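>>> Quick one, fold the following:
(one chain, ligands or ions: 1)
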Amino acid sequence: MSTPHLNFINGEWLAGNTLAPNLNPSNLADVIGEYAQGDAAQLDLAVRAAETAFPAWSTGGIQARSDALDKIGSEILARREELGTLLSREEGKTRAEGIGEATRAGQIFKFFAGECLRLAGEAIPSVRPGIGVEVTREPIGVVGLITPWNFPIAIPAWKIAPALAFGNCVVLKPADLVPGSAWALAEIISRSGIPAGVFNLVMGRGSVIGDALVKHPGIAAISFTGSVGVGRRIAEACVQGHKKVQLEMGGKNPQVILDDANLQQAVELSVQSAFFSTGQRCTASSRLIVTEGIHDAFVEGVKARLAGLKIGDALTAGTDIGPVVSQAQLEQDLSYVEIARSQGATVQAGGQRVACHTGSGAEGFFMAPALITDSTPEQRINREEVFGPVASVIRVKNYEEALAVANNTEFGLSAGIATQSLKHATHFKRHAQAGMVMVNLPTAGVDYHVPFGGRKGSSYGPREQGRYAQEFYTTVKTAYTLA
Ligand code: NAP
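Prediction:
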């Protein structure tokens with residue numbers, strides 16, 4: 001039995017109540033390691049440690065914070081291949097995608113190492129003579145970070161880095177399915193020079209650790225990424241507890257393809273954003289909204305591209321699409337294919353569980369990417385988030401109908417258009433009801449130094465990432481001085 005991976009609380013590694021195995025979705029016989037499962041008492045210990053550490057950390061100067069973040073970023077980048085491999089082994093995205101995600105995590109820490117030196121205020125003249133007004137930003141306190149399984153290192157990174165940069169203390173509760181990457185990140189942070197209690201990791205179930213974190217009176221703010229259902233309950237608890245809250249949730253992202261699109265480019269970017277990373281990206285395009293003139297050629301193009309993809313072990317070179325993350329997620333994905341069929345849509349390709357095409361051929365949660373056609377905007381397949389390698393095509397008459405269908409959803413995370421028309425691209429950028437808009441690019445795949453987030457049912461509260469992250473991780477103070 002390998003050494004168990006413990007929780008990190010007040011600068012020490014502490015065993016939890018129990019241990020849980022971290023399983024490889026590409027190979028169900030592969031146990032990556034045993035990870036601690038904390039309880040509410042341990043979570044309380046972590047919050048109290050963070051509260052104790054906060055006064056010194058929040059006032060201790062920005063150079064120490066910048067140095068620590070830079071050191072963390074450097075180590076992640078130096079170890080990106082190893083961290084990316086671990087990530088792919090536990091989550092199932094391909095190794096190349098895993099290394100890309102680890103790289104992004106390192107870059108985020110480097111970015112915020114600079115951002116904490118750039119936090120500025122304002123000096124404003126008072127309307128009353130002889131008085132000066134200053135507006136400054138201060139840290140908010142102890143922040144609770146709750147992260148999903150689909151980006152096991154990048155999402156923890158894009159919450160931890162700004163939280164620490166702006167002087168807050170942190171309690172991280174990572175997704176129970178993928179504790180390995182979060183633990184590896186915590187281990188790097190533990191050696192960065194950050195004082196005990198400033199950063200804490202408590203692994204365990206959302207219903208236990210997540211719930212206790214959200215309700216703890218010592219927590220000033222919660223940043224959550226995950227499903228709409230859990231997010232809504234967290235928001236309600238945060239309002240009750242008077243906590244600042246930021247939610248990044250699901251999507252039903254539209255990809256519009258107009259008659260004048262470059263066909264090959266449209267096929268490639270649609271396959272990329274709908275099916276790569278096994279479709280398990282909140283920014284994946286799951287509704288392909290295609291105008292009549294290009295519809296049939298587009299569907300044939302996507303089918304041909306899907307036929308050439310290799311589905312298999314995430315760690316094997318040559319794999320295009322890794323496994324679905326878990327049995328429960330696989331069942332959900334397969335059930336939505338059946339729902340689409342039962343409501344009158346046509347399954348053109350995939351949609352069934354398959355054996356591993358690459359690597360050892362071990363048993364895993366592999367699914368052939370599902371392309372669904374003849375679907376209508378009202379069908380459940382076009383209204384509910386599946387969160388797997390499943391995309392449906394909606395045929396529309398023209399740009400105006402495409403835009404209306406694209407916006408006909410409760411979500412609003414990312415929206416894309418494939419067109420050669422400047423007029424339509426410009427109109428779409430302005431009128432797509434989404435936090436992020438892509439022109440001739442996949443809906444998934446974003447930069448690390450600019451804001452990330454959505455609108456409508458996809459997001460709530462200030463944006464994450466880039467300079468805009470300071471909105472959530474700081475609070476504003478207005479000071480008046482009589483000259
Ligand atoms: P999830 O089930 O909502 O879980 C997210 C996190 O919340 C996990 O750490 C989970 O813990 C925890 N949690 C569960 N119940 C809780 C409770 N009662 N109180 C507090 N925390 C609780 O979501 P997921 O399945 O991990 O992730 C998939 C979802 O995330 C999709 O909807 C996807 O669109 C969304 N997502 C959004 C973005 C974005 O930026 N918009 C990015 C990535 C993913 P356990 O793991 O222990 O259940």
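
>>> For the lengthiest helix in the chain, name the packing helices and strands.
Counting residues, the longest helix found in the chain (DSSP state H) is helix 95-118. Contact here means 3 or more C-beta pairs under 8 Å, 6 or more residues apart in numbering; DSSP states H and E; on that basis helix 95-118 packs against helix 62-78, helix 80-91, helix 154-165. For the C-beta atoms, the positions are set from N, CA and C on the backbone; glycine is no exception.

>>> Let's have those in TSV, adding mean pLDDT.
Formatted as TSV, the entries for the helices and strands packed on helix 95-118 read as follows, by pLDDT from 0 to 100:
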stretch	mean pLDDT
helix 62-78	98
helix 80-91	98
helix 154-165	98
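
>>> Quickly compare the ones you listed and say which is most buried.
Each of the helices and strands packed on helix 95-118 was scored by mean neighbour count; the highest is helix 154-165, a mean of 28, by mean count of other C-beta atoms under 10 Å.

>>> What's the first helix or strand after that one?
Next helix or strand after helix 154-165 toward the C-terminus (DSSP states H and E): strand 169-173.

>>> Show me what that next one packs onto, helices and strands only.
With 3+ C-beta pairs under 8 Å, 6+ apart as the test, strand 169-173 has helix 40-59, strand 142-146, helix 154-165, strand 199-201 packed against it.

>>> Report the angle between it and helix 40-59.
For strand 169-173 against helix 40-59, the angle by axes from the mean of the first three to the mean of the last three C-alpha atoms, to 10 degrees is 150 degrees.

>>> In this model Asn440 seems to touch Gln272, though I could be wrong.
No. The pair Gln272 and Asn440 fails to qualify as a contact (C-beta atoms under 8 Å) at a distance of 12.0 Å.

>>> Could you check how far the longest helix of the chain is from the centre of its chain?
14 Å (C-alpha atoms, centre = their mean, to the nearest Å).

>>> list the buried ones in the longest strand seen in the chain?
Here the longest strand in the chain is taken by residue count, with DSSP state E as the criterion, and it is strand 27-37. Buried residues in strand 27-37, counted by 16 or more other C-beta atoms under 10 Å: 27, 30, 32-37.

>>> Distance to Leu247 and pLDDT added to those, as TSV?
TSV is the format used below for those (distance: C-beta to C-beta, whole Å; pLDDT from 0 to 100):
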residue	distance to Leu247	pLDDT
Asn27	34	95
Asp30	34	95
Ile32	29	97
Gly33	30	97
Glu34	31	97
Tyr35	26	97
Ala36	27	97
Gln37	25	97
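
>>> Just name the closest of the residues you listed to the ligand, please.
For the ligand, the closest of the buried residues of strand 27-37 turns out to be Gln37, at 9.5 Å, with distances computed as C-beta to the nearest ligand atom.

>>> could you measure that closest one against Pro125, distance?
Per C-beta to C-beta, to the nearest Å, Gln37 is found 56 Å from Pro125.

>>> Please give the number of neighbouring residues around Thr481.
Burial measure for Thr481: 10 neighbouring residues, criterion other C-beta atoms under 10 Å.

>>> sorry, that was for Glu363
Here the neighbour count serves as a burial measure; for Glu363 (other C-beta under 10 Å) it reads 13.

>>> Return the set of buried residues in the longest helix of the chain.
95, 97-113, 115-116.

>>> average pLDDT across stretch 38-57?
What stretch 38-57 shows for mean pLDDT is 97.

>>> and that stretch, anywhere near the ligand?
No. For stretch 38-57 and the ligand, the contact criterion (C-beta under 6 Å from any ligand atom) is not met; the two come no nearer than 11.0 Å.

>>> Just the CA coordinates for stretch 244-259, please, in CSV.
Once non-C-alpha atoms are left out, stretch 244-259 reads as follows in CSV (Å, rounded to 0.1, in the frame of the first residue of the first chain):
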residue,chain,number,x,y,z
LYS,A,244,-19.4,37.1,-0.6
VAL,A,245,-20.0,34.5,-3.3
GLN,A,246,-18.8,33.8,-6.8
LEU,A,247,-20.3,30.9,-8.9
GLU,A,248,-19.1,29.5,-12.2
MET,A,249,-21.4,26.8,-13.4
GLY,A,250,-22.7,24.9,-16.4
GLY,A,251,-23.2,25.7,-20.0
LYS,A,252,-25.1,24.7,-23.1
ASN,A,253,-22.8,26.5,-25.4
PRO,A,254,-23.9,27.3,-29.0
GLN,A,255,-21.6,27.0,-32.0
VAL,A,256,-23.2,28.7,-35.0
ILE,A,257,-22.0,27.7,-38.5
LEU,A,258,-23.2,29.9,-41.3
ASP,A,259,-23.3,29.1,-45.0
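
>>> re earlier: quick one: which of Gln272 and Asn440 has more around it?
For Gln272 against Asn440, the residue with the higher neighbour count under other C-beta under 10 Å is Gln272, and the figures read 18 against 15.

>>> Now the more buried one. Nearest residue, chain neighbours left out?
Counting by C-beta to C-beta, 6 or more residues apart in numbering, Pro442 is the residue found nearest to Gln272 once chain neighbours are left out, at 4.5 Å.

>>> That neighbour and Leu288 touch, don't they?
No. With contact taken as C-beta under 8 Å, Pro442 and Leu288 are classed as non-touching, separated by 11.7 Å.

>>> what do these two both touch?
Common contacts of Pro442 and Leu288, defined by C-beta atoms under 8 Å, 6 or more residues apart in numbering, comprise 255, 270.

>>> the more surrounded of these two?
Shown here are Pro442 and Leu288; by other C-beta under 10 Å, Leu288 has more neighbours (29 against 24).

>>> one step back: how about the contacts made by the residue nearest to Gln272?
Under the criterion of C-beta under 8 Å, 6+ apart, the contact partners of Pro442 comprise 255, 269-270, 272-273, 285, 416.

>>> same thing with Ile189?
Under the criterion of C-beta under 8 Å, 6+ apart, the contact partners of Ile189 comprise 8, 72, 160, 199.

>>> quick one: which of these is nearest the ligand?
Relative to the ligand, the closest of the contacts of Ile189 is Ile160; by C-beta to the nearest ligand atom it sits at 14.2 Å.

>>> circling back to that earlier point, export the buried residues of strand 27-37 as TSV, with columns for distance to Ala432.
Rendered in TSV, the data for those read as follows (distance: C-beta to C-beta, whole Å):
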residue	distance to Ala432
Asn27	40
Asp30	42
Ile32	40
Gly33	43
Glu34	45
Tyr35	40
Ala36	43
Gln37	42
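
>>> Output those as JSON lines; include the columns distance to the ligand.
Output for the buried residues of strand 27-37, formatted as JSON lines (distance: C-beta to the nearest ligand atom, whole Å):
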{"residue": "Asn27", "distance to the ligand": "21"}
{"residue": "Asp30", "distance to the ligand": "20"}
{"residue": "Ile32", "distance to the ligand": "16"}
{"residue": "Gly33", "distance to the ligand": "17"}
{"residue": "Glu34", "distance to the ligand": "16"}
{"residue": "Tyr35", "distance to the ligand": "11"}
{"residue": "Ala36", "distance to the ligand": "13"}
{"residue": "Gln37", "distance to the ligand": "9"}
